[in-house]
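In: show me the folded form of this:
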Amino acid sequence: MICYDYINEYVRKTIKTNQGILPELEDYASKNHVPIVQPEVARLLTVTGRLLKPVRILEVGTAIGYSSILMSEILAPGGVIDTIERYDLMIELARQNIKKAGLADTINVIAGDASEVLKCLDKEYDLIFLDAAKGQYGEFLTECIRMLRKGGLIFSDNVLYKGMIANDDLVVRRKKTIVKRMRSYLNDICNSDILDTSLIPIGDGVALSYKLE
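Out: Model prediction:
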């Protein structure tokens with residue numbers, strides 16, 4: 001988290017408790033050290049998603065399926081979610097959880113490395129949620145812009161990475177490459193003629209990028 005602890009604690013107290021399978025997945029993630037979207041970021045994702053009323057959502061980074069199941073709540077009637085995951089264990093867990101949630105016909109888990117899978121997709125999406133390897137966001141960008149409809153949104157999570165992106169004094173040596181790549185990604189989306197981007201310092205940092213043309 002990159003905000004003061006007391007602010008995060010207060011904000012999280014204002015968030016309604018999730019229903020259905022989500023609390024079970026939150027508990028699993030906590031006990032097994034599986035990173036899932038932070039509560040305040042999840043709330044921003046669902047609120048902005050409701051404004052978009054997306055018919056098609058693309059997620060990069062499925063993990064146990066938590067975010068996909070969460071985003072199913074904001075889909076327009078008949079909407080679908082494609083989500084990409086490269087780790088076999090996560091793929092299996094995600095598919096099990098999605099089936100348990102009754103969403104097997106709504107959420108499609110695509111197995112493979114996102115940098116390759118994205119090149120093979122030929123669909124148009126209303127919302128793209130990036131929540132995968134932070135050092136690869138730049139590799140995903142061209143294909144994500146290609147598939148994002150005009151007026152659509154790229155929601156990039158973890159873009160300030162424990163504050164290291166904004167402050168050299170915080171950078172851990174073994175993370176220098178990730179920091180360099182994320183700074184390059186943020187420079188690209190913030191200076192793009194196609195995207196209008198806002199950086200928001202909640203969770204571990206969020207970037208909202210609206211496609212202008």
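In: now stretch 66-86, how far from the centre of its chain.
Out: Put simply, stretch 66-86 sits 11 Å off its chain's centre (Cα atoms, centre = their mean, to the nearest Å).
In: buried ones in it?
Out: Neighbour-count burial for stretch 66-86 flags 66-72, 74-75, 79-86 (criterion: 16 or more other Cβ atoms under 10 Å). (Glycine included, C-beta is placed from N, CA and C.)
In: longest strand in this protein, please.
Out: strand 148-157 (DSSP state E).
In: quick check: mean pLDDT of that one?
Out: Averaging pLDDT along strand 148-157 yields 98.
In: cool, and stretch 67-80?
Out: 97.
In: where does this structure have low pLDDT?
Out: 1-3 (pLDDT under 70).
In: could you pull out the strands for it?
Out: For the chain, strands defined by DSSP E occupy the ranges 56-60, 80-85, 107-111, 125-130, 148-157, 195-200, 206-211.
In: of those, give the one that comes closest to Arg95.
Out: Among these, the nearest to Arg95 by Cβ to Cβ is strand 107-111 (5.5 Å).
In: quick one, phi psi at Asp193?
Out: phi -80, psi -10 (degrees, to the nearest 10).
In: give me the number of residues near Asn8?
Out: 17 (other Cβ atoms under 10 Å).
In: now the residue lying closest to Arg43 once chain neighbours are set aside. Its backbone dihedrals?
Out: In space, and not counting its chain neighbours, Arg43 is closest to Ile15: 5.5 Å by Cβ to Cβ, 6 or more residues apart in numbering. Main-chain torsions, Ile15, degrees, to the nearest 10: phi -90, psi 130.
In: correct me, but Ile15 touches Leu44?
Out: No - using Cβ atoms under 8 Å, Ile15 makes no contact with Leu44, being 10.5 Å away.
In: looking at the two now, which is surrounded by more residues?
Out: Neighbour comparison, Ile15 and Leu44: the larger count goes to Leu44, with 19 against 11 (by other Cβ under 10 Å).
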